[in-house]
Structures are given as C-alpha cells and as structure tokens.
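Novice: Let me see the structure of the following:
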Amino acid sequence: MKSDAQFAVCISNKGYAASLEVRKIYRLIPDKAGSKHGLVRVVDEMGEDYLFPEEYFVSLRLPQAAERAVLRATP
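Specialist: Next up is the predicted model:
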C-alpha cells in the first residue's frame, strides 16, 4: 500500500538555522498557494507546518520501508 506522502531533504537553512537542519528529511504538505510563490510547506519536529523557499529542498522518493519508518517517527 503506497501512501501519498511526499518527502524532501534540506540542502540549505540560510536565514532559518533555528528551524531547518541541513541533510534532514522533512515531510512536505501540498500547498498550491505557496508553490506559486516558490515556497514549500514543511512539517517540523513538533508536527507544525511552515512555508520555506523550495530551493532549500530536494524532493525524495523513499523506499516503502523507509517511508513507513519516517511517518511513524513524526508526530
């Protein structure tokens, strides 16, 4: 069973050092309004979601086992 979850790895945190960790995998939430402005909605460690510049992330396709593990580990 494949989920529709989307993930990305952070490649820059310039200006957001307190909010983003470089090389960390984040879950993305679709946000059409944000994407029109070059932003992606990212879920943080507390389960809150925020908009960040899309160039700070590279989309990932995780193997199913890794995806399940990441989803279990997030609030």
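Novice: Would you mark the buried spots in the lowest-mean-pLDDT helix or strand in the chain?
Specialist: Within the chain, no helix or strand scores below helix 64-73, which has a mean of 84 by mean pLDDT, DSSP states H and E. Neighbour counts using 16 or more other C-beta atoms under 10 Å place 67, 70 of helix 64-73 among the buried residues. For every residue, glycine as well, the C-beta is placed using N, CA and C.
Novice: Going forward, count from 34.
Specialist: Yes, from this point I'll number from 34; that puts the last item at helix 97-106.
Novice: Alpha carbons of that helix, as CSV, please.
Specialist: Provided in CSV are the C-alpha atoms of helix 97-106 (Å, rounded to 0.1, in the frame of the first residue of the first chain):
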residue,chain,number,x,y,z
GLN,A,97,8.3,1.9,1.3
ALA,A,98,10.1,0.6,4.5
ALA,A,99,11.9,4.0,4.9
GLU,A,100,8.7,5.9,4.3
ARG,A,101,6.8,3.9,6.9
ALA,A,102,9.6,4.4,9.4
VAL,A,103,9.7,8.2,8.8
LEU,A,104,5.9,8.5,9.1
ARG,A,105,6.0,6.5,12.4
ALA,A,106,8.7,8.8,13.8
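Novice: If you count contacts, what does that helix end up packed against?
Specialist: strand 58-62 (3 or more C-beta pairs under 8 Å, 6 or more residues apart in numbering; DSSP states H and E).
Novice: which ones are touching residue 62?
Specialist: With contacts defined as C-beta atoms under 8 Å, 6 or more residues apart in numbering, residue 62 is in contact with 39, 74-76, 82.
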